[in-house]
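J.: here is my input; please provide its structure:
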Amino acid sequence: MHNTLSTEVRAVAEELTACRRALHQRPELSFAEHETTAFIEAQLRALGITDIDRPTKTGLVAHIFGSKPGKPAAVAVRADIDALPIAEDNDLPFLSQNPGVMHACGHDGHTAMLLSVAKLLSQSRGSFCGEARLIFQHAEELPPGGAIELYRAGASKGLDALLGLHLSSAYPTGVFGIKGGPLTANVDRFDVILTGRGGHCALPEQCIDPVVAGAQLVLSLQTVVSRRVGATDPAVLSVCKFVSGASYNIIPDEAQLSGTIRSFSPQTRAHMEAEIRRITEGVAMSTGTRAQMEWTAGYPSVFNDAALTTLARSVLHDRFGEEGILDIACVAPGEDFSYFLADAPGFFVELGTRTAAGGCDMPHHNPRYRMDESALPRGVQFELDMLRKLLDGTRENLPERSPSCA
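T.: Predicted coordinates for the structure are as follows:
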């Protein structure tokens, strides 16, 4: 794979790695990223960037304005900054110093990359026309998430386009995974309480057994995807929690089930909710139990704008060649970047950090997760190239705004 990083990006590579490691040592949980946000603001102000907003307690938005003549536009890049409640199990000189908290999803890399972009833009304001808006978003890992708070506070208002990037252990180091249209899943949750009538295990005829009803419900729900959703329509339904009873010889009064649903279209999302409710009510009726179901809508699907996807492919091809691009399918994890897309079209890309060297091949959200840091300069390069293309003073590369983005 040929590597054609620009001179300016090569110049910040060492500093970029050091910044990522500093952030990795001081991870903070969602909605509690106070030290992280203070670090980000201090770094930006040291660069002479003073147009900074703090619209939420731990979210931060910086504005950098270019001096290139032409027709100005406004384009944002978003990086999430929070960590996970995981005890790190690595042997690293920059191990997490916050017990039970770890950057196990790459957000420290996202933040460090965007700080490098901020430095390079602040040093080259003549290379772009209009506003480069840098959104350092809190609480991506914990629904309802930080994106919707920033969106409601106006962080994405007035934009012509939005860019997002996620480092991924699913792809080889330095390879960009791209896909137009729906990329990430709608993420929803369901919770069911089945109430029966408890009693002696030797006299089940006197009881209404919620354990049996719950087991029947788990199996019946498996037919939603296999029999009620089309084979070409990707969807996932997983029952991940089943709690009932306290003793081996007592039939309990209730059973509690919880699960998640992943889908990629609004129609399938609504259809699966309706089917789960129908099946739950049917199982309750057939077993004599009473069912109480709660549906919690999570992050909607990220939808990549067609024009931005085409532009990104061209930018990546020019910079890294065809071998630096991988066409990928939909990815099941959720991503609250999607909330910002109500204000402007967007593009979200996956950047591979997986290599067996140094143990950089563990999945995200794992206590032994490591990233191949050599991918980070490529992420900076992509974000910088895209910003300059979109803010070139002609507005010709900007996508058309859909009615929902008006």
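J.: could you count how many residues lie near the closest residue to D392 other than its chain neighbours?
T.: Excluding the flanking residues, the one nearest D392 by C-beta to C-beta, 6 or more residues apart in numbering is C129, at 6.7 Å. (C-beta placed from N, C-alpha, C; glycine too.) When neighbours are counted by other C-beta atoms under 10 Å, C129 registers 22.
J.: before we move on, what about the one 5 residues further on?
T.: Residues lying near L134 (other C-beta under 10 Å) number 24.
J.: show me what contacts the closest residue to it other than its chain neighbours?
T.: Sequence neighbours aside, A62 is the residue nearest to L134 in space, at 4.4 Å (criterion: C-beta to C-beta, 6+ apart). Residues near A62 by C-beta atoms under 8 Å, 6 or more residues apart in numbering: L44, I49, D51, I52, D53, A118, R133, L134, F136.
J.: A62: which element?
T.: Assigned by DSSP states H and E, A62 belongs to strand 60-65.
J.: I'd like the next helix or strand past that strand.
T.: Beyond strand 60-65 on the C-terminal side, the first helix or strand identified by DSSP H and E is strand 73-80.
J.: the most centrally placed residue in the chain and R125, how far apart?
T.: By C-alpha atoms, centre = their mean, the mean C-alpha position of the chain lies nearest to E335, the distance being 2.9 Å. Here the distance between E335 and R125 works out to 31 Å (C-beta to C-beta, to the nearest Å).
J.: what bits of the stretch 301-406 of the chain have low per-residue confidence?
T.: Segments of the stretch 301-406 of the chain classed as low confidence (criterion: pLDDT under 70) are 402-406.
J.: any idea where the helices of it begin and end?
T.: 306-320, 376-390 (DSSP state H, counting those that start in this stretch).
J.: would you mind finding the most buried of those helices?
T.: The densest packing among these, expressed as mean neighbour count by mean count of other C-beta atoms under 10 Å, is seen in helix 376-390 with a mean of 24.
J.: wait, D392 sits on V75?
T.: No: under the criterion of C-beta atoms under 8 Å, D392 is not in contact with V75, lying 10.6 Å apart.
J.: who has more neighbours out of these two?
T.: Taking neighbours as other C-beta under 10 Å, D392 and V75 compare with V75 leading, 24 against 20.
J.: just put the helices of the stretch 301-406 of the chain in a markdown table and tack on distance to G245.
T.: Putting these into a markdown table (distance: least, C-beta to C-beta, whole Å) gives the following:
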| stretch | distance to G245 |
| --- | --- |
| helix 306-320 | 51 |
| helix 376-390 | 49 |
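J.: which of these sits closest to D91?
T.: Relative to D91, the nearest member of those by C-beta to C-beta is helix 376-390, separated by 20.9 Å.
J.: check the offset of the closest one from the chain's centre.
T.: Taking the mean C-alpha point of helix 376-390 and that of its whole chain, the gap between them comes to 19 Å (C-alpha atoms, centre = their mean, to the nearest Å).
J.: could you name the helices and strands sitting against it?
T.: Counting contacts by 3 or more C-beta pairs under 8 Å, 6 or more residues apart in numbering; DSSP states H and E, the secondary-structure elements packed against helix 376-390 are helix 7-25, strand 73-80, helix 107-122, strand 161-172, helix 306-320, strand 346-354.
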